[in-house]
Each structure stands twice: as C-alpha cells, then as structure tokens.
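In: would you be able to build a 3D model of this:
(3 chains)
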Amino acid sequence: MVGDGGSLYTIEGLAAGLLMIATATIVLQSVSVYTPGDMHIDDMLLEQLGADALAVLDLPVEPGGETELEQFVNGWKPEDFHDAFYPLLRERSFAADDPVQYNATISYRVGDDVEQLPFTDSASYTGAASYTGYDPAIRVTRWVHLDSGHTLTPPVSPGEQMVLLEVILWRG
Amino acid sequence: MRDDAVATFDFLVGFTIFIIAFIFVAAMIPHTLFSVQSSRIDYDAVAYRTGVILTEDPGMPASPTFPVWEQKADPGDVIRMGLSVEQGSAHILSKGKVERFFNDTFFTYPDDYRRSLLFGDYPYSFNITLTMRDNLTLFDNRSIHSIGQSPPDLYGSVRRVVVVKEPSRLEVDGYVDQQFNYTGNGTPPQRFSVDLPMSQLLDRSVDPLFRIDPRTDPIQIEIGNFQAYLNNSDKATLDQVIIARDNVPITFPSYDIWLDGNDTPATLPASLNTSLNFTLYPVPETPWRLSDTISITFDFAEEGEDPPATLIMGTHVYDYRNATFPDPKQGIIEVAVW
Amino acid sequence: MNDDGQWIVLMGFLISIALLFLMVIISQATLVGQTTAEGVLEFPKHEIRDLRGEVFRAGEEMDAGLIEDIRVISLKRNHAIVSISFEDYPVPGREPQPMVTIRFNNGVTVYEETFIV
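Out: Modelled structure (predicted):
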C-alpha cells in the first residue's frame, strides 16, 4: 500500500510527458507536409508583375499607332525588348533590385500546329544562369499582332498574323 | 509520517518529469509557427487588393456617378481612391488623381487612406510609393512620391508597373502656323479662337491613354513666337478671354494664363510679345455636356488702337489631329502593408 | 484512494488535445494562403483583358486568319477555348453595326462578352 502510493505520481508524470511528446511529434510531422502558403503568394506577385510589365509595353506609342511591344517583335529587336522589359521587373522603391530573370519565346501557328521560336532571355545580357527548370517559375503571355511587313524569318510565315509572346519568370 | 515524506518526494519527481516534457513540447511548437506566418498571408492579400484598387479602378466619389473623386473639396466625400483614368483602363493612371492622392495636406494619414483605400476593421499600417522611372518628375520636381512610414521587417507587399498619362496640349507657333495671320486689307479682327468639339474628343475608339476629356483633364494651349503675329509693334495687349459653350459665352473662371514665360499667372488685360500659355482646369459639376463645342477666344482688340497691334485671327481645332501628346511616363507603385 | 495523482495525466491529456487543435488551425491558415494565391493565379484576368484589347484595337480588321491564329495558339499554349465571332447588329434606319462576341473557357473560368466595334 505504502509503496504503491509512493511511485504513483512518478508514473503519472511519465505517462503525461510521453503522451504530450508523442502528440507533438505526430502533429508536427503531419503539418510539415504542407507547403508554406508564402510560396504561392510570391508566385502570384511575380505573375502580377510580369503581366503588368507586358501590359505597359503593349500600350500604343501614339493615337491609333503600334504598341512598343509590336514594334519590338515586328522589327525583331530583342535588345530593345530587354532594355524596356528587364528594368520594369527588377526596380524597387525601398530595397535593392529584385533578382527576377526571364526567358521569352514566341509561339506562332503553322496549319493546325503551334511552333515556338526563342525571342530573348535575360541570361544573354546579364550573364546570369539560364533557366534550369528547378526554380519555381511562372508564365505570362501577351498577344502580339504582326503586320504584313514583319521581319520575322521563316519558318514564321510572312504576312499578317497573331502570335503569342510567352515569358517565363523566376527569381535567380 | 514516513508515508507523507515519500509521497512528497514522489510528487516532486512526477511533476518534474511532467514539466520537463511540457517545456520540451512548448519549445517544439514555435518552429512550425515561424514557417507558417499566417499574418503575412493576410498582409499580402491586403497589399494585393490595394494594388488592384490603385491601378485598375478609377475610384468613386460619394455623390455623382462620374468618377472624378479628385475634384471633391472634402476628403470625406471620397469613397474609393482608384488612380486609373477610367473604367477598364488598367495601368494608365491619371496625373490629377496621382497628384491629389499624394497630397498629404488634403488627406490625413492614415485615417482617410484606411477608410477609402485599405478598408476592413483592422487598422493596417501601410506605405505606398510611386517611383517614376529614369528619374522623371511628375510634379513638385520629385521622382518619388510616398505616403506612410518605412515598413518594418515583416510586411506584405505588391509591386505594380504603371504609366502616368500626361495631359495633352495644343501648340501654335508664330513662324510655322502663318495661316492665323490676317492678310486682308480691312481691320483685322484680332481674335483667335480654339474650338474643342466634345463629341469628337470623347470618341470611345480612342485609346484611354490619349483620350482628351475637358471634364477630367486640364486643357493646355501654347502660342509660341507670338512676335510673328505682331503688326509692326513691339507688343500686343490681351484684353480678355471669352469661354463659350456652343457659341454662348459662359462664366468659367477656372483657368490661368501665363504671358512671355512668366512664372506668375497674368491678370488681364496684360501685354505680351513672345508667348502665351493657357490652361483650362477641370471643375466639379462640369458645365460641359457631351455634345457641346467649347470655344476659347483670346481677344486682343483694344478700343481706338491704330494701327492694330496684332494680326492674329482665325480658329484652331483642339482635336486628336492637332493636339500634342507628351510621352506617358512609366513608374512603379509599391504597396507595403503591415 | 490512489486517484490523487491522476490530475497530472489529465493535464498531459488536455495539453495534447490543445496541441492537436492548434495544429489543425495552423494548417488551415496555410491552406488559406494557398487558396488566396491560387484563386488569383488561376483566374486569367490578364489573358482575358489582353484578348479584349487586341480584338478592340483590331476591330473589323480581325479577319478569319487572325481569329484562327488566336484559337489554335490559345488551345495549344494556354489550354483555353477561345472563339471570336462577328455579327451585324441591326440599327433601325441605319447601316447595321458590326458586333463582336468573345468567348473564353479554360475549364475553370468561363467568360463571354459582346460589344459593338
């Protein structure tokens, strides 16, 4: 009787401790499966930024005239596109540059198929590494109206057509 | 007696084990909490919403349906402070709205902005900064306009790329536009008019980036090289400016005239010999109707003046063909919320 | 008579339950961030706006070839069905006005708009 009473608290304390640690361990392991929500938020903000930058470049330069983006693609001027597009992605007000990189391709239609043509990427101007496929990246697109006098070489068919400028963005 | 002592010792051991286990578990928890940071999600969402309102919405005043909150005299009459020029013109900001938005003597930080921009019951702190690219200045000779304090370490933010639309202007050059010089033999009328056909200006097919709307944008007229319009005299006198709606003169005091490049607006009548700059400002409760033609007439005639001081005459049309559109300025709006 | 010590176990049990609840709430918060971001990411706001803008700017110059370009490239690259069709909108006593209908469907978002060009 006396011995029983003596070790009771110890046993109960041990049991309670084990119970808590076991619960905590199980719970923490199951929680860590979820990816943090922040990553998706960052993706969303990057998509927003890329779409914004393309939309701003796609504003007409004079009433009823072509847009800057149309001039870049129609005249095949990847350098001009880079000079206009890249700073829009990176400039920040408070902090240092945002390390955003991009890779731009053009999709065009051939019959019922769609072919792609590399346009330009940030790696060719900044010496940064080109896209490896490992970083989380997002994709933004913009329609570009090619006029009949565009300077894209075959296999892009001559004449007026719509092409899709696709830009992959990532932080690197 | 002995039993009691054993029981106390036993209680101590059991309770110590319990407490040690509890501390251990409590120390494990914050790790998960740090990686989640659910408050940042909320800040980011609020920053995103604020960015959308600023760049994609023209805003809303309390009473009329026409979205010109920037002309309200009382900050309490502003329901929503969107900066976009009109509905459906994302990324194109109105200069007048931007100027009013960053006016910290008109709006009180943070109350007015919380009420009509951030919304919600939680009193968010925020910083909104517009940085013009290439150090272009928008107004006040500054390229960075900002409201709010600088953010702490943890904050939600969004960055939007925008262009700020510059108001159009009509340029008349004395040497180039010789058609406004009187060549007849009689007395020259000494009146020069500029017509603004509203029905042409508000054509929906014109891109919002270039739309001229006298109800929301200032109208600027510049006459340069005025000496080319002088009639063998060294100066002319601008007697009055007549503003008419469909050929009926109305009282419209909201304009300024600068003569010969002076910094201070002139009081009429006043004399000039090189240049004339005129700006017609938009007003609340605008008198301009959709089908009106606004005429601005500069009257240089003076009683008993012989010979007449100037030969300027005729009518110029302020439309998409004649007006000059300054390049819109690119900028970046950054919204930080915490 | 030996029940005296059971409150320690009880406490441990209560803390375990509290821990479980806490974690359920935390994982919900993570999910909220994810759904907020995904809601915005998946909603093709920019794509629809871009499409509208191109159609609006091209107006009647939007011929069958251009429409076919948009249809095929949208389907293959953006996984969206886009249809653009022109009709004549009858105006009493005047020439009929050309009217364009844009339909966009990417499986999640369906959008349809008709306007006069």
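
In: let me see the ranges of the helices in the stretch 1-150 of chain B.
Out: Along the stretch 1-150 of chain B, counting by DSSP state H, counting those that start in this stretch, helices occupy B:2-36, B:38-56, B:95-101, B:111-113.

In: closest one to C:I84 among those helices?
Out: Minimum separation from C:I84 across these (CB to CB) falls at helix B:38-56, 23.7 Å. Just so you know, the C-beta spots here come from the backbone N, C-alpha and C atoms, and that holds for glycine as well.

In: out of the helices of the stretch 1-150 of chain B, which is closest to C:Q28?
Out: Nearest of the helices of the stretch 1-150 of chain B to C:Q28, taken as CB to CB: helix B:38-56 at 8.9 Å.

In: pLDDT on the closest one, on average?
Out: Averaged across helix B:38-56, the pLDDT comes to 81.

In: next: stretch B:198-212.
Out: In this model, stretch B:198-212 has a mean pLDDT of 84.

In: from one end of it to the other, what's the distance?
Out: 9 Å (CA to CA, to the nearest Å).

In: helix or strand: which one has the nearest residue to B:G51 once chain neighbours are set aside?
Out: Counting by CB to CB, 6 or more residues apart in numbering or on different chains, B:V158 is the residue found nearest to B:G51 once chain neighbours are left out, at 4.2 Å. Using DSSP states H and E, B:V158 maps to strand B:156-165.

In: check which helices and strands whichever helix or strand comes after that strand is in contact with.
Out: Sequence-wise, the next helix or strand downstream of strand B:156-165 (DSSP H and E) is strand B:169-173. Applying 3 or more CB pairs under 8 Å, 6 or more residues apart in numbering or on different chains; DSSP states H and E, one finds that strand B:169-173 contacts strand B:219-224.

In: got the contact list for the strand it packs on?
Out: For strand B:219-224, the surrounding residues in contact (CB atoms under 8 Å, 6 or more residues apart in numbering or on different chains) are B:167-174, B:192, B:194, B:196, B:212, B:229, B:274-280, B:296, B:318.

In: let's have the helices of the stretch 1-150 of chain B in JSON lines, adding mean neighbour count.
Out: Shown next, in JSON lines, are these (neighbours: other CB atoms under 10 Å in any protein chain shown):
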{"stretch": "helix B:2-36", "mean neighbour count": "15"}
{"stretch": "helix B:38-56", "mean neighbour count": "21"}
{"stretch": "helix B:95-101", "mean neighbour count": "21"}
{"stretch": "helix B:111-113", "mean neighbour count": "16"}
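
In: let's have these in CSV, adding distance to C:I15.
Out: Formatted as CSV, these follow (distance: least, CB to CB, whole Å):
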stretch, distance to C:I15
helix B:2-36, 7
helix B:38-56, 22
helix B:95-101, 51
helix B:111-113, 43
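
In: so which of these is nearest B:V335?
Out: With CB to CB, the closest approach to B:V335 among these belongs to helix B:38-56: 4.8 Å.

In: nearest residue to A:A104 other than its sequence neighbours?
Out: Spatial nearest neighbour of A:A104, chain neighbours left out: A:F119 (4.2 Å); criterion: CB to CB, 6+ apart.

In: ditto for B:A309
Out: Closest residue in space to B:A309, ignoring its immediate chain neighbours: B:A236 at 4.1 Å, by CB to CB, 6+ apart.

In: is it true that that neighbour touches B:F300?
Out: Yes - at 5.2 Å, B:A236 counts as touching B:F300 under the criterion of CB atoms under 8 Å.

In: mutual contacts of these two, please.
Out: Joint contacts of B:A236 and B:F300 (CB under 8 Å, 6+ apart) are B:309-310, B:312.

In: and stretch B:89-106, anywhere near chain A?
Out: Yes - interface with chain A: stretch B:89-106 contributes B:90-92 (CB under 8 Å from any CB of the partner chain).

In: now the most centrally placed residue in chain A, what's its secondary structure?
Out: Most central in chain A under CA atoms, centre = their mean is A:I138, positioned 2.8 Å from the mean C-alpha point. Three-state assignment for A:I138 (DSSP: H, G, I helix; E, B strand; the rest coil): strand.

In: so who does the nearest residue to it once chain neighbours are set aside touch?
Out: Once flanking residues are discounted, A:I138 sits nearest to A:E47: 4.7 Å by CB to CB, 6+ apart. A:E47 makes contact with A:138, A:140, A:169, C:40-41, according to CB under 8 Å, 6+ apart.

In: buried among the residues you listed? Need that as a selection in ChimeraX.
Out: The buried residues among these can be selected in ChimeraX (16 or more other CB atoms under 10 Å in any protein chain shown) with this line:
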select /A:138,140,169 /C:40,41
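
In: which SSE is immediately downstream of the helix or strand where A:E79 lies?
Out: If you go by DSSP H and E, A:E79 is part of helix A:78-90. The helix or strand immediately downstream of helix A:78-90 is strand A:100-110, counting by DSSP H and E.

In: centre of the chain to the lowest-mean-pLDDT helix or strand in chain A, how far?
Out: Lowest mean confidence among the helices and strands of chain A (mean pLDDT, DSSP states H and E): helix A:2-31, at a mean of 76. With CA atoms, centre = their mean, to the nearest Å as the basis, helix A:2-31 stands 48 Å off its chain's centre.

In: buried stuff in that helix?
Out: Under the neighbour-count criterion of 16+ other CB under 10 Å, helix A:2-31 has A:5-17, A:19-21, A:23-24, A:27-28, A:31 buried.

In: so which of these also contact chain B?
Out: The subset of the buried residues of helix A:2-31 within reach of chain B, by CB under 8 Å from any CB, is A:5-14, A:16-17, A:20-21, A:23-24, A:28, A:31.

In: in a markdown table, list the contacts of A:E47 along with pLDDT.
Out: What follows is those, written out as a markdown table (pLDDT from 0 to 100):
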| residue | pLDDT |
| --- | --- |
| A:I138 | 88 |
| A:V140 | 91 |
| A:L169 | 89 |
| C:V40 | 71 |
| C:L41 | 71 |
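
In: ok, the contacts of A:E47 vs C:P98, which is closest?
Out: Distance to C:P98, by CB to CB, is smallest for A:V140 among the contacts of A:E47, at 30.8 Å.

In: wait, that closest one touches C:H46, no?
Out: Yes - using CB under 8 Å, A:V140 is in contact with C:H46, at 6.8 Å.

In: which element is C:I73 on?
Out: Using DSSP H and E, C:I73 falls in helix C:64-73.

In: near chain A at all, whichever helix or strand comes after that helix?
Out: Using DSSP H and E, the helix or strand that follows helix C:64-73 in sequence is strand C:81-89. No - Strand C:81-89 does not reach chain A (CB under 8 Å from any CB); its nearest approach is 10.3 Å.

In: list the neighbouring strands of the helix or strand just after strand C:81-89 plus their orientation.
Out: Once the chain leaves strand C:81-89, the next helix or strand it forms, by DSSP H and E, is strand C:97-105. Strand C:97-105 pairs in its sheet with strand C:81-89 (antiparallel), strand C:110-116 (antiparallel), by DSSP bridges.

In: strand C:97-105 to helix C:64-73, inter-axis angle?
Out: Angle, strand C:97-105 to helix C:64-73, by axes from the mean of the first three to the mean of the last three CA atoms, to 10 degrees: 10 degrees.

In: what residues of strand C:97-105 count as buried?
Out: Along strand C:97-105, these residues count as buried under the neighbour rule (16+ other CB under 10 Å): C:100, C:102, C:104.

In: so for the residue nearest the centre of chain C, what's the pLDDT?
Out: Geometric centre of chain C, nearest residue: C:F43, 2.4 Å, by CA atoms, centre = their mean. Here, the pLDDT recorded for C:F43 equals 81.

In: against chain A, how distant is the closest residue in space to it that isn't next to it in sequence?
Out: Among residues not flanking C:F43 along the chain, C:T109 sits closest, at 6.1 Å (CB to CB, 6+ apart). As for C:T109, its distance to chain A is 15 Å (criterion: CB to the nearest CB, to the nearest Å).

In: quick one: mean pLDDT over stretch C:8-20.
Out: 84.

In: buried residues in it, which are they?
Out: Under the neighbour-count criterion of 16+ other CB under 10 Å, stretch C:8-20 has C:8-9, C:11-13, C:15-16, C:19 buried.
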